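Visitor: structure for the following, please:
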Amino acid sequence: MKLLRLVVAVCFSLHFSILLLAQSSGPDDRRITDPQLITSASNPKARRIPFDDLYFTRSVSNASWSPDGKDILLTTDMSGRQNLWKVNSAGGWPIQLVQSDERQYGGTWSPDGKWILYQQDTAGNELWDIFAVSSDGGEVLNLTNTPDVREESPRWSPDGKTVAWNYKPKTSTIYDLALLDWATRKVSKLTHEQTPDHSWSSVAWSPDGKTLYANRIEGNSTDADVYAVNVSTGKTTDLTPHQGKGLNFASSLSPDGKTLLITSDQKGGYQNVALLDIATMKLTWVTDTKWEANSGDFSPTGKSFTYTVNADGMEDVYIADAANLRAEKIPIEPGLNYFPGYPNSFSPAGDRLLLTHENSVQPADFWVDDLASRNMTQLTHSAIASLSAAAMPASQIVHYKSFDGKVISALMWVPFNLQRDGSSPALVLPHGGPTWQVIDFWNPSVAAFVSRGYICIAPNVRGSTGYGMDFQRANYQDLGGGDLQDEVYATRFLEATGYVSPKKIGITGASYGGFMTLMAIGKTPDIWAAAVDLFGVIDWKTMLQNSDPELQQHTKALLGDPVKDARVYQATSPITYIHNAKAPLRVLQSDNDPRVPKEEAVQVVDLLKKDGKIVDAHYYPNEGHGLEKRENQIDSIRRTVDWFDKYLKSAQ
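Guide: Purely as a prediction, here's the structure:
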């Protein structure tokens with residue numbers, strides 16, 4: 001595969017400039033896909049991609065500009081662990097700052113450039129501490145050392161004297177805001193949330209350091225407001241008061257401290273970008289779309305700002321003029337494009353902009369856009385040589401109707417060189433969440449499946465984000481109901497292509513995708529020939545007993561009160577149906593998972609063994625919710641592919 005090529009030959013000024021208030025596209029414009037138009041291309045260079053090649057390909061995330069603009073801090077797993085590195089912003093070999101078996105995220109520079117703060121947990125337990133390291137490297141300092149508290153997303157005040165972060169005790173259901181006095185290392189809480197279902201996250205400091213702007217979000221992600229918090233008194237002011245449920249969350253503050261760049265769904269339940277005047281609390285709309293628009297960053301001058309538009313799983317990046325709201329799409333290849341900078345993707349001088357590009361056949365890399373010359377420079381190179389040369393079919397977006405006529409979008413991958421003879425194996429890939437969306441991102445597991453001949457489809461079932469609030473709420477008290485049927489109807493689409501054997505369809509997913517896998521094989525047992533569950537929920541009642549309190553609150557927001565709505569909990573738990581399972585099941589689970597505890601996996605295995613069903617399990621020590629360590633990622637995909645090869649490819 002050739003390296004990514006950006007469309008830089010076309011002058012930026014010729015790219016269509018649009019007044020975004022005129023946008024009106026959205027999910028209503030989707031057309032049903034004719035499954036007979038799905039084809040398997042011929043490619044003589046197609047081959048199986050070695051597992052090691054896929055997982056020795058690096059990942060990059062959490063970028064942060066140094067105050068002088070010379071370096072960029074990032075998290076990458078070049079060493080096999082998600083550690084902190086830095087790289088010259090003009091390019092070059094990255095330098096490792098922190099070497100640890102543990103993972104580091106949220107790295108950010110002090111205003112004077114001397115220190116870097118970041119969060120790190122232990123063995124995936126998500127009980128993050130805040131650490132500091134010199135920007136030149138050296139001994140790391142644990143600033144909090146609180147084994148029973150989560151501290152996340154450190155944010156320096158403009159004068160560098162105070163650090164804000166999000167703060168949650170292990171036994172709490174909510175996050176508050178906390179402040180660290182850098183000189184004394186004393187920590188104090190700033191907010192004192194009284195409800196059990198709202199959490200705070202910081203956004204930006206005012207230029208004078210007297211106010212911290214923050215989002216206050218309900219646990220089920222259907223209601224949120226933007227607040228100003230007085231740092232001296234803790235007094236909070238709601239800047240986006242509204243009636244009923246509504247999402248309003250800020251991402252950036254203008255340099256003059258007068259305007260917040262926010263995302264809001266007040267336009268008919270669809271996320272759009274707006275400018276919030278802090279003094280008047282008036283919104284000026286920037287976009288008008290039924291797709292999912294998300295606010296980005298103000299430039300250091302305040303004359304421009306960024307945002308993204310996620311249209312059916314493909315995300316584009318825009319830069320807009322703050323005066324007239326005209327925006328231009330930044331010229332970058334289709335896929336998943338976004339701004340990775342924390343706290344800002346603009347360079348400190350405002351002359352460059354940091355972007356991330358990835359798609360289904362290209363791992364994520366950072367790119368630097370020179371705003372004056374329009375030259376785009378690739379900063380990181382994540383793919384190893386053999387992967388860059390590999391032939392991989394790109395994803396395609398398909399649409400089909402579910403049982404009740406709802407239109408479902410899905411990403412689909414069709415291997416090369418298949419015959420349309422109804423003999424190919426296929427996998428349905430339910431996503432996590434459920435409040436999430438499958439987008440056109442690089443997924444090494446999918447690449448492993450597809451290069452081995454498996455047709456894959458990943459539906460955005462009801463309950464997913466990206467298609468409006470009504471669609472997101474459509475699975476309330478119905479987990480494993482309508483959303484499961486959306487997965488089932490994906491198998492009908494697969495069969496209708498003429499490529500797939502109905503006897504060779506498997507299902508696999510992680511977290512909520514694992515729940516859906518268990519629900520599928522129990523509630524619709526005749527459809528699936530094999531399954532692999534990663535970190536899946538078997539019983540929502542035991543989840544309420546053992547999982548992190550914040551997630552318990554989220555579960556209640558989706559299913560209701562466990563006593564009053566006991567029938568809902570029973571109807572939506574795979575344990576109610578698992579005895580009907582026919583598909584051989586492999587369970588993969590981390591020992592240290594705080595979200596879906598190991599007890600859930602143990603229940604599944606014990607129940608199926610007692611029933612005499614085919615079941616296998618493997619547990620990973622020193623891992624949390626998801627596998628971070630490279631050797632475990634490779635082991636997991638080997639076990640998954642081996643399972644499907646055994647039970648799908650051998651099926652008659």
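
Visitor: these two touch, right, Glu196 and Glu550?
Guide: Actually, residue 196 is Pro. It isn't Glu. No - counting by CB atoms under 8 Å, Pro196 stays clear of Glu550, with 9.7 Å between them. (Glycine included, C-beta is placed from N, CA and C.)

Visitor: what about the two, which has more around it?
Guide: A direct count of neighbours by other CB atoms under 10 Å for Pro196 and Glu550 places Glu550 higher, at 22 against 14.

Visitor: how about that one, nearest residue that isn't a chain neighbour?
Guide: In this structure, Glu550 finds its nearest non-sequential neighbour in Thr173, 5.3 Å apart by CB to CB, 6 or more residues apart in numbering.

Visitor: helices or strands next to the host helix or strand of Val446 in the packing?
Guide: Element membership for Val446, per DSSP states H and E: helix 444-451. Here helix 444-451 touches helix 51-56, strand 407-413, strand 455-460, helix 630-644, going by 3 or more CB pairs under 8 Å, 6 or more residues apart in numbering; DSSP states H and E.

Visitor: mind doing that once more with 10 Å?
Guide: In this structure, helix 444-451 packs against helix 51-56, strand 407-413, strand 424-428, strand 455-460, strand 500-510, helix 630-644, with contacts taken as 3 or more CB pairs under 10 Å, 6 or more residues apart in numbering; DSSP states H and E.

Visitor: now for the second one, which elements pack on it?
Guide: Just to be clear, that refers to strand 407-413. With contacts taken as 3+ CB pairs under 10 Å, 6+ apart, strand 407-413 sits against strand 396-401, strand 424-428, helix 444-451, strand 455-460, helix 482-496.

Visitor: that one pairs with which strands?
Guide: Strand 407-413 sits in its sheet next to strand 396-401 (antiparallel), strand 455-460 (antiparallel), going by DSSP bridges.

Visitor: just want the most central residue of the chain.
Guide: In the chain, the residue lying closest to the centroid (CA atoms, centre = their mean) is Trp436, at 7.3 Å.

Visitor: need the residues touching each of Pro196 and Glu550.
Guide: Residues touching both Pro196 and Glu550 comprise 172-174, 219, with contact defined as CB atoms under 10 Å, 6 or more residues apart in numbering.

Visitor: which of the residues you listed are buried?
Guide: Applying 16 or more other CB atoms under 10 Å to the shared contacts of Pro196 and Glu550, the neighbour count classes 172-174, 219 as buried.

Visitor: return the member of the residues you listed nearest to Ala651.
Guide: Comparing these against Ala651 with CB to CB places Gly219 closest, at 42.3 Å.

Visitor: can you tell me which residues contact that closest one?
Guide: Going by CB under 10 Å, 6+ apart, Gly219 touches 173-174, 195-199, 550-558.

Visitor: burial count for Leu276?
Guide: Neighbourhood size, Leu276 [other CB under 10 Å]: 24.

Visitor: same check, this time on Pro334
Guide: Number of residues near Pro334 (other CB under 10 Å) recorded here: 12.

Visitor: the residue lying closest to it once chain neighbours are set aside bridge partners, please.
Guide: Nearest residue to Pro334, sequence neighbours excluded (CB to CB, 6+ apart): Met314, at 5.8 Å. Beta bridges link Met314 to Ala311 when assigned by DSSP bridges.

Visitor: no further queries at this time; thank you.
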